[in-house]
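Asks: Curious how this folds, go ahead:
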Amino acid sequence: MLALSIIAHPSPTSFSHAMAAQAGAVLRATGFAVREHDLYAEGFNPVQPVVEALNTASDDELVERHCAELQQADLILVFHPNWWSQPPAILKGWIDRVFRLNTAYAYPEGAGPDGVPVGLLKAREAFVFNTSNTPVERERDVFGDPLERMWKTSVFGLCGVATVTRRMYGPMAASAAEDRERWIGEVGALVGAAARSFRERSSQ
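Replies: Residues are numbered from 1 along each chain as shown. Predicted coordinates for the structure are as follows:
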């Protein structure tokens, strides 16, 4: 059982890192191997140097490693702040380079590039945990919560991941220690329930 954990926050003391640490501890306690990547610490290059149709291989060893682990993962977790209703640029570049043709999706035989792609990912469940300084209600009612559609439909849904759980915590700037403790507890509970369910299904 393999979980892929991606962190996209420039500060190693961020709440994104704290959530990832909690999730990783819970996953390891339930028998998962965890491949954890801090994109900023790794110096991941987010620049996609070729057009989408040619993005099937890379001479960047780190990109190839991420692609291999994405294919192998049974569970995928992503941790990032909400910046302008979008992920940080480094994470958008990670999607561009790693969720690539013939790794995360493909076109049916005979279909052109305008056809409907099919998902290739092994994982059937993913989690996205966001932090924000915008209240959840304002993000939803004023901005339309574009991160929800991006992750659930445009990224994971297209690539074959059927169940996507997303939570946004904040406003972080106004949060108290009790708030953060409660949010960390929810992250652990959500991930733990998914891990136990997966393990039970795998043993049947």
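Asks: Verify the stated contact: residue 47 with residue 93.
Replies: Yes - look at residue 47 against residue 93 with CB atoms under 8 Å: they come within range, at 6.3 Å. (Each C-beta comes from the backbone N, C-alpha and C, glycine too.)
Asks: so residue 139 makes contact with residue 145?
Replies: Yes - applying CB under 8 Å, one finds residue 139 in contact with residue 145, separated by 5.3 Å.
Asks: what touches both of these two?
Replies: residue 85 (CB atoms under 8 Å, 6 or more residues apart in numbering).
Asks: what bridges to residue 105?
Replies: Beta bridges link residue 105 to residue 101, residue 119 when assigned by DSSP bridges.
Asks: so what's it up against?
Replies: 99, 117, 118, 119, 120, 158, 159, 160.
Asks: Check residue 151 too.
Replies: Residues counted as contacts of residue 151 (CB under 8 Å, 6+ apart) are 78, 126, 128, 164, 166.
Asks: Mind doing that once more with 10 Å?
Replies: By CB atoms under 10 Å, 6 or more residues apart in numbering, residue 151 lies in contact with 78, 80, 87, 95, 126-128, 130, 157, 161, 164-166.
Asks: so can I have JSON lines of these showing pLDDT, neighbour count and secondary structure?
Replies: Output for the contacts of residue 151, formatted as JSON lines (pLDDT from 0 to 100; neighbours: other CB atoms under 10 Å; DSSP: H, G, I helix; E, B strand; the rest coil):
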{"residue": "78", "pLDDT": "98", "neighbour count": "25", "secondary structure": "strand"}
{"residue": "80", "pLDDT": "98", "neighbour count": "25", "secondary structure": "strand"}
{"residue": "87", "pLDDT": "97", "neighbour count": "23", "secondary structure": "coil"}
{"residue": "95", "pLDDT": "98", "neighbour count": "20", "secondary structure": "helix"}
{"residue": "126", "pLDDT": "98", "neighbour count": "25", "secondary structure": "strand"}
{"residue": "127", "pLDDT": "98", "neighbour count": "24", "secondary structure": "strand"}
{"residue": "128", "pLDDT": "98", "neighbour count": "23", "secondary structure": "strand"}
{"residue": "130", "pLDDT": "96", "neighbour count": "23", "secondary structure": "strand"}
{"residue": "157", "pLDDT": "96", "neighbour count": "17", "secondary structure": "coil"}
{"residue": "161", "pLDDT": "97", "neighbour count": "22", "secondary structure": "coil"}
{"residue": "164", "pLDDT": "98", "neighbour count": "18", "secondary structure": "strand"}
{"residue": "165", "pLDDT": "97", "neighbour count": "16", "secondary structure": "strand"}
{"residue": "166", "pLDDT": "96", "neighbour count": "17", "secondary structure": "strand"}
